[in-house]
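[1] give me a model of this one.
(4 chains)
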There are 2 protein chains.
Amino acid sequence: MISVSGIQEIAHLTGLSKSTVSRALRGLPSVADVTAATVRKTADELGYIPSSAAAGLATGRSRVVGVVVPTINRWFYITVLEGVDAELRAAGYDLILFNLGGRGGDRERVFHRSILRKRVDAMVILGVAFGDAEREQLRRFEHPMVVVGGAEEGVRHMGVDDRAIAIAATNHLLDLGHTQIAHIGGEDESGMNLAVPLDRREGFLTAMTAAGHAVPGHWMLNGAFSFRGGYAAMRTLLDEPERAITAVFVASDEMAFGAIVAVREAGLRVPEDISIVGIDGHENGPVYGLTTFAQDPFEQGVTAARTVLAEIEGAPALSAFPSARYELIERGSTAAPAPANLSPA
Amino acid sequence: MISVSGIQEIAHLTGLSKSTVSRALRGLPSVADVTAATVRKTADELGYIPSSAAAGLATGRSRVVGVVVPTINRWFYITVLEGVDAELRAAGYDLILFNLGGRGGDRERVFHRSILRKRVDAMVILGVAFGDAEREQLRRFEHPMVVVGGAEEGVRHMGVDDRAIAIAATNHLLDLGHTQIAHIGGEDESGMNLAVPLDRREGFLTAMTAAGHAVPGHWMLNGAFSFRGGYAAMRTLLDEPERAITAVFVASDEMAFGAIVAVREAGLRVPEDISIVGIDGHENGPVYGLTTFAQDPFEQGVTAARTVLAEIEGAPALSAFPSARYELIERGSTAAPAPANLSPA
DNA sequence: GTGAAAGCGCTAACAA
DNA sequence: TTGTTAGCGCTTTCAC
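    As a prediction, this is how the structure comes out:
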């Protein structure tokens, strides 16, 4: 190709100096309009492509932000990622994706080798649970960094108040008159932040206890935050010999969808036989008619990106974020328990 | 932090030269074992972090591969992405994600500004439809490049034979005795490669024609390759006044899931009332009992990554790929049409 | 097996 | 407004 070298080439052809060319190309104000035009023109003709490595070496900035995800195939992470991506792109930054999970996941390598290679100017971390060594590595990362979704000790974090949202969801069911409520949540998702599932379960228990209802241990199932897991968990619930539950609080919409499919497949109806409430605000919710406590992960991603971007530019570091918003969206998957099902308690 | 400078620092402390330190750190053979050990040790103590910008400038390689997706929230792209990611990570490469779609999508910027910044050593492009300007830009990209999923003129491509897989799926229904078959596919997905939906529809029509069955235009619907789209399309089909269809060939599993939900919601059964066959091999298939022609996008991603990686290392460029494999997975969403529904034709 | 020196392509003072 | 001069931190001949 033509683009032999770069800025130097343009300098030659225009009879200007490298510096002026550089300034012109970056649109700095201190360049005569004619000069700038000439430079741009010859740059185009040459098919000039800047070297981000050279610029990065000279400035110490790569104009790249790293995003760490525990896995890509979850609606929440994807949506946050989209938000981060939109914001970064608007700012002219590129996004390096560090996927800790999935087949071939290799946290050690990701952390030790990739992340810390001075390759990124900042980092947005989505719901990852760190090991001690990892936490130590991150400590050395002297760039803006923010965690989204699931509090992580020592790093500032943004997301919904998981306990609060779970309490709200549970209360929603309690208010309808349910007392026999089960919970489908998550547990030891490899590499995923435990805070989220734990806080949601805790919120559930808090609300139930406050209402004076005991929850048997086997009414709290692990749906692994996946559609399939939600389906399986609900089947387990339905297979119970003397089924008493009238409602289920599911910790994510994807699991809730699976749960709904399981209920219908068993020949039961939602909400007549079983009420289901989720968390998230997944775009497929309307199809299933799922009532849910919706959050806005896209917005959370945007905010996270905007924050680190501002800090890269020298803005003072925020030490904490306000909790992200959430709201109840009623779509009919919850209702008062049928009289026949009313618990004797 | 401690990591003031880098290699120079280590050179000082060990009394060696920068060159030797560099060689030791990269594990080159021409370094005495003791020397190498000393270097690594002090590097660790210093918390040394290499500068990828400097290395990249010196070598002309960034050890980064770009992946372009039309949107992140589709199972197919996510899965290919996972495959690419796994392979890149194993090779010590980082992945820059270029998302053309989504809110805030800005193709122009992505192409012109980011992609061509010499930031990546190779590119894997997933099912994107290029404009003329974009094609021209890509022509200038003198690095390994491969398109996955949907042929694109002028660039080598890998994926299933979309016409063939559609013919196979349609024949599957025909072989069961169906004649009144509808098709839910895709159309003008913004920025997505048109080849895939078009080829699948064409395959469908080819098989139908070969079997001597005409297909009314309104039996070919646009499901936008999404769950919601599939659901909506199926509802349209079910709302037909004198419904005659007994089977639907859906061009993707996600749409097929939506279609199944719609059928069941209408009080009909799959496959007794309506048979449904999909394409993809989505992991949620078992839950819905979806019969599908499965491909392996993860593997396609791995292959694509492996290919460009090999070429970065100097391997001769492959000019074409064999078609990706696919196979029928029967799960019970298809059956012979019920006698009552048998078409008179 | 190790060192010296040049340079990758750009930016950033400092002058002019 | 433009040019000069140093680097940014690493790799890479070419000597030794």
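[2] how about the contacts made by the closest residue to DNA strand D within the stretch 101-250 of chain A?
    Nearest residue of the stretch 101-250 of chain A to DNA strand D (Cβ to the nearest atom of the strand) works out as A:Lys118 at 7.9 Å. C-beta coordinates here come from the backbone N, C-alpha and C atoms, glycine included. Contact partners of A:Lys118, counting by Cβ atoms under 8 Å, 6 or more residues apart in numbering or on different chains, are A:Ser62, B:Ile49, B:Pro50, B:Ser51, B:Ser52, B:Ala53.
[3] report pLDDT for the third one.
    In this prediction, B:Pro50 carries a pLDDT score of 94.
[4] just the last one next, same as before
    Note on B:Ala53: pLDDT of 96.
[5] need the contact list for it.
    A:Ser52, A:Ala53, A:Ala54, A:Gly56, A:Leu57, A:Ser62, A:Lys118, A:Arg119.
[6] nearest residue to it other than its sequence neighbours?
    Once flanking residues are discounted, B:Ala53 sits nearest to A:Gly56: 3.7 Å by Cβ to Cβ, 6 or more residues apart in numbering or on different chains.
[7] list only buried entries from the contacts of A:Lys118.
    Neighbour-count burial (16 or more other Cβ atoms under 10 Å in any protein chain shown) applied to those gives A:Ser62, B:Ile49, B:Pro50, B:Ser51, B:Ser52, B:Ala53.
[8] quick check: A:Leu290 touching A:Gly278?
    Yes: judged on Cβ atoms under 8 Å, A:Leu290 makes contact with A:Gly278 at a distance of 5.5 Å.
[9] the more surrounded of these two?
    Taking other Cβ atoms under 10 Å in any protein chain shown, A:Leu290 and A:Gly278 do not tie; A:Gly278 has more neighbours (32 against 27).
[10] quick one: strands adjacent to the helix or strand hosting that one?
    Assigning secondary structure by DSSP states H and E places A:Gly278 in strand A:275-280. Strand pairing for strand A:275-280, determined by DSSP bridges: strand A:247-250 (parallel), strand A:291-295 (parallel).
[11] who touches it?
    A:75-76, A:165-166, A:169, A:172-173, A:176, A:178, A:200, A:246-257, A:259-260, A:263, A:270, A:285, A:290-295, A:297, A:326, A:333-335, A:337.
[12] show me those that map onto strands.
    Residues of those located in strands (DSSP state E): A:Ala247, A:Val248, A:Phe249, A:Val250, A:Thr291, A:Thr292, A:Phe293, A:Ala294, A:Gln295, A:Tyr326.
[13] so which of these is the closest to DNA strand C?
    Once Cβ to the nearest atom of the strand is applied, the member of the ones in strands among the contacts of strand A:275-280 that ends up nearest DNA strand C is A:Gln295, at 38.9 Å.
[14] hmm, who's touching stretch A:300-317?
    A:61, A:65, A:79-88, A:91, A:93, A:121-124, A:143-146, A:148-149, A:158-159, A:318, A:321, A:324.
[15] switch to 7 Å and redo it
    Residues outside stretch A:300-317 that contact it (Cβ atoms under 7 Å, 6 or more residues apart in numbering or on different chains): A:65, A:80-84, A:86-88, A:91, A:93, A:121-122, A:124, A:144, A:146, A:148, A:158-159, A:318, A:324.
[16] and for stretch A:239-251?
    Residues from elsewhere that reach stretch A:239-251, judged by Cβ under 7 Å, 6+ apart: A:169-170, A:173, A:178, A:180-186, A:197, A:200, A:204, A:219, A:223, A:230, A:237, A:256, A:259, A:274-279, A:337, A:341, A:343.
[17] spit out the contact partners of A:Thr42.
    A:Thr42 neighbours (Cβ under 7 Å, 6+ apart): A:Ile10, A:Leu13, A:Thr14.
[18] just give me the neighbour total for the last one.
    The number of residues packed near A:Thr14 is 17, by other Cβ under 10 Å.
[19] try the first one
    Residue crowding around A:Ile10 was assessed by other Cβ under 10 Å; the count is 25.
[20] re the thing from before, with respect to DNA strand D, which of the contacts of A:Thr42 is nearest?
    A:Thr14 (8.1 Å).
[21] isn't the closest one up against A:Thr38?
    Yes: the pair A:Thr14 and A:Thr38 passes the contact test of Cβ atoms under 7 Å, sitting 5.5 Å apart.
[22] state the next helix or strand along the chain beyond the lowest-mean-pLDDT helix or strand in chain A.
    Between all helices and strands in chain A, the lowest mean by mean pLDDT, DSSP states H and E belongs to helix A:107-109, at a mean of 75. For helix A:107-109, the following helix or strand on the C-terminal side (DSSP H and E) is strand A:122-126.
[23] now what about that following strand, what contacts it?
    A:65-70, A:77, A:80, A:84, A:141, A:143-149, A:304-305, A:308, A:311-312.
[24] A:Val148 bridge partners, please.
    A:Leu126, A:Met158.
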